[in-house]
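Novice: Provide a 3D model corresponding to the input given below.
(chains A and B)
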Amino acid sequence: MTQAFRNADGGLIDRGTRINFTYDGQRYQGNAGDTLASALLANGVRLVGRSFKYHRPRGIVGSGAEEPNALIQLGEGALTEPNTRATQIELFEGLVANSQNAWPGVGFDIGGINNIVSKVIPAGFYYKTFMWPAKSWMLYEKFIRGAAGLGKAPTEPDPDIYEKRRVHCDVLVVGAGPAGLAAARAAGASGARIILADEQSGFGGSLLSSKATVDGKSGAQWAADVTQELAGQEEVRLLPRTTVTGYYDHNFLVAVERITDHLPFADRKGPRQRVWKIRAKQVILATGAIERPLVFAENDRPGVMLADAAKTYVNRFGARPGSRAVVFTNNDSAYRAAIDAADGGIHVVAIVDLRAKPEGTFVRQARDRGIEVIANSAITAVKGAKQVSEVDVMTLSDDGTSVSGGRRSLDCDLVMMSGGWNPTVHLASQSGAKTVWDDTLATFLPGEPKQAQRNVGGVAGQFGLAACLESGASAGAGAALDAGFDAQAGKTPAIEAGEGDGELNLRPIWTVPSDRKGAKRFHDFQNDVTAADIALAHRENYASVEHFKRYTTTGMGTDQGKTSNVNGLAILAELRNEPVPSVGHTTFRPFYTAVTVGALAGNDTGPQLLDPVRKTAMHTWHEAHGAHFEDVGAWKRPYCYLREGESVKQAVDRETLATRTSVAILDASTLGKIDIQGPDAAEFLDRIYTNMFSSLKVGSCRYGFMCKDDGMVFDDGVTARIGENRFLMSTTTGGAPNVLNWLEEWLQTEWTDLEVYCTSVTTQWAAIAIAGPNSRRLLSELTNVDLSNDAFPFMTWQDGDVAGIPSRIFRISFSGETGFEVQCPASYAMALWRALMTAGEKFNIMPYGTEAMHVLRAEKGFVIVGQDTDGTTTPHDLGMSWIVSKKKDDFLGKRGLARPDTLREDRKQLVGLITDDPNEVIPEGAHISPEPHAPPPVPMEGWVSSSYYSPNCGRSIALALIQRGHERMGESVAIPLEDKVVRAKIVSSVFFDEEGERLRG
Amino acid sequence: MVETYLRQSPLAHRALDAQVSDNTADAALVLTERRFLAKVNIRGKVDGDAVKAAIGVALPSEANTVMEGNNLCALWLGPSEWLIVGPPNAEKNIEEALNEVLAGASVGIVDVTEGRTTISVSGPMARDVIAMGCPLDLHPRVFSPGQCAQSFISRSPILLHQVDDSPSFDIHIERSQSDYLWTWLETGGAPYGVAVAGEPETTNWRRPARRKATS
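Specialist: Predicted coordinates for the structure are as follows:
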């Protein structure tokens, strides 16, 4: 295909560099500097998509982020990306693009049937139709979901890599048009740290598509020179192809840089995109403005385009979006576009102006060039199915609400429309600044800044080039000054923009009348919403902007209403007979344009990096010995060690039996350890624990319970007294950080008089539990410490070497067996573990995992906080009243435990359960019901908190929290499951060695 | 005497010695595990002069700064909290010297050597790679050699100490998360080039000679 609509010269494309690309299976050529949109237009492709609901043929409307129609499925396979805008895709060699939302193709689309039946599917159609009968929604949903959505997300994993980067600066300038460049230049000269970000590939913004000169050179040249000047400054960071997508508190902004998206695939290396998390002292928004469509009959035909977009295609890309143009406007800016289009080889048939007597500078210039101006008139019909072929023009009534007189038909293939300009207030609004309505411009402007922020250029309603350059320079200097730098605005560059620079003289006519009844007048192209839909929503009382938006879907979709919102609101305001600002607008939310999820994830993906993984000093040994890991908090802990051919249950049973019959060892390093020192340490622990610690002797340890102030069990563990003023507290694995925070909270906010210092030593010491009847014999082979019961009684500790490693030995047990815990410096833990395994060979030693540990402790009725408690469980509920001191004046939870609710007699209490069928293992979490066969909601009286098969008891065992459990020993209860009701008997929670002889033996 | 060959650093399983590159000059990011650096935490009402006399380094009073002396670094962690970092195997002697001089004072002195390791990060991309997950402003105007800060990299808490302006940083990291952080740094630096360097030499710590009181 030839580029039949490409001018021989002009614009910023490189005619010497041809680029091959494929669109909808057809091969085309463009040039370096093209976007996909400009290349398609140069090739004469006008039909680029089908609308969302009615599947009407659509063409390119805009030239940037605002594009509602030209949505592209870009790339193939795992690299495909849906809903990209042809207007923002830089052309690269080998680009493959496809249109969306049409089957079999955009030319003939089955879904077009929706357009024919559109009368019966107006706004709110789905809400009204699919409500009845209520239970059929599940069926409807399947079909509606199938019809919904535009492009297709890839199903393969994303092969690209992404990066996140934090960055700080003195001044962030968003937008590198004339105002942004002037701001960055003024601020940059001061030596301040500047970031200048712009979503386009090159800096210059409107200068790239304008014919104005600055400092005697073309706007594009001036922009290039300023960019080069900025690039030479050490503290200036230029971020082209970077969209600032969100503006949050404390001048925190998020930007997405597209690093390799514009390159041929073979040249792509490194991260595809980078998310910048920017913290700026000062922010300058130079985000420009987006032209507004006019809402007139059949205004969605391919070939109806924003006037400024047409000008951009001609001036910047040398691509003609049509051959014969009719311009339709309510303001002066379209006249300039008309003149540029005429200069670019487009025959401008006429300018149809809604104003009665247009007479600005550009109007005069257009007339002088011989372009016909049809004032006080409206386009009342656009003809042509897949491309505009003709428009009808009629005379407007004085009040602008109707048309009359003869119909004049104009032959054309392009309609350039302008309904005025909407400043891109998105980021300003996100920053917290309330928008304000400007009557002259008939649009919202950013209001008083709420953060250290300034608005310059188009976003501030300044449409003249001189005003943009001046306000930019002054804001740049001001921002640098406020950031602590000596800055000056400098001389404003001389411009030659012509008289009337920036004049609009706008006459808002929100709905352009037509003599054709029922002709669709779209204000939202992407979501197929018409002025009639707004009227319907209003009629049905969806008149608040929030209701109106959701009822009609105005402003939803990939463009988020960049072209449609203000028109929609203004039409609603007219219907409500109120001014636009009192109707208001919906919230501008991040992101400004859609962001690839992968970019937000950055490097933090995959099993290694999704979340920090904590590993003990023996982790690689566990890995090498068949450990089947489970996550406990961030820790990886061996659940059991699988031997060849073994099931998980077999492994757990084997480990559980071995512990009770010989000896086994457990990596207990993950349990929290907190070093507590200071003259008031004992007093502090007396307040923290429910039981007494000041009475503990140096060399001893004690099991303690902590409650929150409401009396509910919070954490538990064994704490040893290391010295008169020093304790070593242990906590649960998952609870360690919370406990340390809890201790610090009380020390720093309530008990500031206590001199106590807490330091986490969780990983300073590795811990190995040695359990089983042979544990003493094993350990005594590796240490000279006298381990006899008399010399080393239960619940004491001693320092000593184990396998030559300086260690601390504790006589404690969570298995109920004779047992020791050896703590050693973490870097020696692997050596100690290996020494124990080697020395234990004669005892058939084996490691045991967390599940065997759970079974063993459950056999003994030892609770696990967080499993057998749920934040509503007191020590008394657990049958552990002995751990609540009656002697102490106060402790955390004492008052909570005296509340009437915690004293209720029908509280759930911890008991043991044995099932009638000894092989039945009840699922943990199962409910216990007094009426298991009652219709839902089935009444419940408790739940099963722990449940295992106990090889040592030769049957299943369970712990449960059940109402009045303690007084119901021997009673039979029912546990309804999905397919049956299990019966069990309430028993003591201790299933094994009730006297504790093994423990103390 | 304990056999030191039994000792394993938290990143021992990575066999970093075997990965040490002959030429780290071309790498954008250079990583090193500094193994077994002595680390002693001090909290409480501390007599700074007594500490200086006992171990040879003064405690910084300015937030987020580091004092150096007698082969030790003293890192400010909070208004009444410091971390003394020294060469390997010095921790017991440092702890002992501090306990001696601060006996009876309201302080908490804890050896935390084993609970942390140190990953040294240097090279032209060092700041940028750290900034991929760390919210601190590491620009030379804001953060310079002799400064330290507690922060995080991605979701790991870290203690960051800028050692020189090459730039090079020591990141003190909880031992159980050091493997995660190493992977994270390597992944972040991968597109730009990562090399592993050998450990720098350290000088053994000696307790300063005790001067007699001049009274």
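Novice: and the residue of chain B found nearest chain A, what element?
Specialist: Per CB to the nearest CB, B:Gly108 is where chain B lies closest to chain A, at 2.8 Å. C-beta here means a position set from N, CA and C on the backbone, and glycine is covered the same way. Taking DSSP states H and E as the criterion, B:Gly108 maps to strand B:107-111.
Novice: and if you look at A:Trp222?
Specialist: helix A:219-231.
Novice: and the strand holding B:Gly108, what does it pack against?
Specialist: When contacts are defined as 3 or more CB pairs under 8 Å, 6 or more residues apart in numbering or on different chains; DSSP states H and E, strand B:107-111 packs onto strand A:672-677, strand A:757-760, strand B:38-44, helix B:91-101.
Novice: pLDDT wise, what is the closest residue to B:Gly193 other than its chain neighbours at?
Specialist: The shortest distance from B:Gly193 to any non-neighbouring residue, by CB to CB, 6 or more residues apart in numbering or on different chains, is to B:Ala28 (4.5 Å). For B:Ala28, the pLDDT comes out at 97.
Novice: just checking, B:Ala28 touches B:Val121?
Specialist: No. At 11.1 Å, B:Ala28 does not count as touching B:Val121 under the criterion of CB atoms under 8 Å.
Novice: shared neighbours of these two, anything?
Specialist: B:Val129 (CB atoms under 8 Å, 6 or more residues apart in numbering or on different chains).
Novice: which residue does the stretch 101-250 of chain A have closest to chain B?
Specialist: A:His168 (4.0 Å).
Novice: contacts for stretch A:136-155 next, please.
Specialist: In contact with stretch A:136-155 (CB under 8 Å, 6+ apart) are residues A:52, A:71-73, A:77-84, A:100-101, A:126, A:130-131, A:557-558.
Novice: filter the residues you listed down to the ones close to chain B.
Specialist: Near chain B, judged by CB under 8 Å from any CB of the partner chain, there are no entries from the contacts of stretch A:136-155.
Novice: picking up where we left off before, average pLDDT across the strand holding B:Gly108?
Specialist: Rounded mean pLDDT across strand B:107-111 is 96.
Novice: all helices of chain B, in order?
Specialist: Applying DSSP state H to chain B gives helices spanning B:48-55, B:91-101, B:126-131, B:178-189.
Novice: adding mean neighbour count, write these out as JSON lines.
Specialist: Listed next are these as JSON lines, based on neighbours: other CB atoms under 10 Å in any protein chain shown:
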{"stretch": "helix B:48-55", "mean neighbour count": "18"}
{"stretch": "helix B:91-101", "mean neighbour count": "18"}
{"stretch": "helix B:126-131", "mean neighbour count": "22"}
{"stretch": "helix B:178-189", "mean neighbour count": "22"}
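Novice: need those in CSV with distance to A:Ala483 and mean pLDDT, can you?
Specialist: As requested, the helices of chain B are exported to CSV (distance: least, CB to CB, whole Å; pLDDT from 0 to 100):
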stretch, distance to A:Ala483, mean pLDDT
helix B:48-55, 36, 94
helix B:91-101, 43, 96
helix B:126-131, 20, 98
helix B:178-189, 29, 97
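Novice: distance from the helix holding A:Trp222 to the middle of the chain?
Specialist: When C-alpha coordinates are averaged (CA atoms, centre = their mean, to the nearest Å), helix A:219-231 and its chain have centres 36 Å apart.
Novice: what's next to it, contact-wise?
Specialist: For helix A:219-231, contacts defined as CB under 8 Å, 6+ apart pick out A:12, A:176, A:178, A:181-182, A:184-185, A:188, A:194, A:196, A:202-208, A:210-215, A:217, A:236, A:238, A:465, A:493.
Novice: at 7 Å instead, please
Specialist: Helix A:219-231 has contacts (CB atoms under 7 Å, 6 or more residues apart in numbering or on different chains) with A:12, A:181, A:184-185, A:188, A:196, A:203-204, A:207-208, A:210, A:212-215, A:236, A:238, A:493.
Novice: what about those residues, which are in strands?
Specialist: Per DSSP state E, strands hold the following members of these: A:196, A:213-214, A:236, A:238.
Novice: near chain B too, which of these?
Specialist: Applying CB under 7 Å from any CB of the partner chain to those, one finds that nothing falls near chain B.
Novice: can you add pLDDT, distance to A:Gly840 and neighbour count and give the residues you listed back as CSV?
Specialist: Below are the ones in strands among the contacts of helix A:219-231 laid out as CSV (pLDDT from 0 to 100; distance: CB to CB, whole Å; neighbours: other CB atoms under 10 Å in any protein chain shown):
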residue, pLDDT, distance to A:Gly840, neighbour count
A:Leu196, 98, 67, 31
A:Thr213, 92, 88, 18
A:Val214, 94, 84, 27
A:Val236, 98, 66, 24
A:Leu238, 98, 65, 18
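Novice: tell me the one of those nearest A:Gly360?
Specialist: Nearest to A:Gly360 out of the ones in strands among the contacts of helix A:219-231 is A:Thr213 (CB to CB; 20.8 Å).
Novice: ok, now how distant is that closest one from A:Pro178?
Specialist: Applying CB to CB, to the nearest Å, the value for A:Thr213 to A:Pro178 is 12 Å.
Novice: is chain A contacted by the lengthiest strand in chain B?
Specialist: Determined from DSSP E, the single longest strand within chain B is strand B:156-164. Yes. Shown here: strand B:156-164 in contact with chain A (CB under 7 Å from any CB) through B:Ser156.
Novice: neighbouring contacts of that strand?
Specialist: Contacts of strand B:156-164 (CB under 7 Å, 6+ apart): A:612, B:66, B:75, B:83, B:136, B:143-145, B:147-152, B:169-174, B:177, B:180-181.
Novice: avg pLDDT for that strand?
Specialist: pLDDT averaged over strand B:156-164 gives 97.
Novice: now do the buried residues in it.
Specialist: Across strand B:156-164, burial judged by 16 or more other CB atoms under 10 Å in any protein chain shown covers B:156, B:158-163.
Novice: low pLDDT regions in the chain?
Specialist: In the absence of a named chain, this looks at chain A. A:1, A:131-132, A:144-149, A:497-499 (pLDDT under 70).
Novice: I was thinking of chain B, sorry if that wasn't clear
Specialist: Along chain B, segments meeting pLDDT under 70 span B:1-3, B:211-215.
Novice: and it, which residues reach chain A?
Specialist: B:2-3, B:6-9, B:13, B:36, B:41, B:43-44, B:106-108, B:110-112, B:114-115, B:128, B:131-132, B:134-135, B:137, B:139, B:154-156, B:174-177, B:179-180, B:183-184, B:187-188, B:191.
Novice: filter those down to the buried ones, ChimeraX style.
Specialist: Buried subset of those, written as a ChimeraX selection, criterion 16+ other CB under 10 Å:
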select /B:2,6,7,8,9,36,41,43,44,106,107,108,110,111,112,114,115,128,131,132,134,137,154,156,174,175,176,177,179,180,183,184,187,188
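Novice: helix or strand: which one has the nearest residue to A:Tyr542 once chain neighbours are set aside?
Specialist: Leaving out its chain neighbours, the residue that sits closest to A:Tyr542 by CB to CB, 6+ apart is A:Tyr551, at 4.0 Å. Element membership of A:Tyr551 [criterion: DSSP H and E] is helix A:545-552.
Novice: what do you get for A:Ser815?
Specialist: Using DSSP H and E, A:Ser815 falls outside every helix and strand.
Novice: give me phi/psi at A:Lys434?
Specialist: As for A:Lys434, its main-chain torsions (degrees, to the nearest 10) stand at phi -70, psi 140.
Novice: for B:Val194, give me its contacts.
Specialist: B:27, B:29, B:31, B:186.
Novice: and the third one, bridged to which residues?
Specialist: Here B:Leu31 sits in beta bridges with B:Val121, B:Val196, as judged by DSSP bridges.
Novice: so it touches B:Val196, yeah?
Specialist: Yes. The criterion here is CB atoms under 7 Å, and B:Leu31 meets it with B:Val196 at 5.6 Å.
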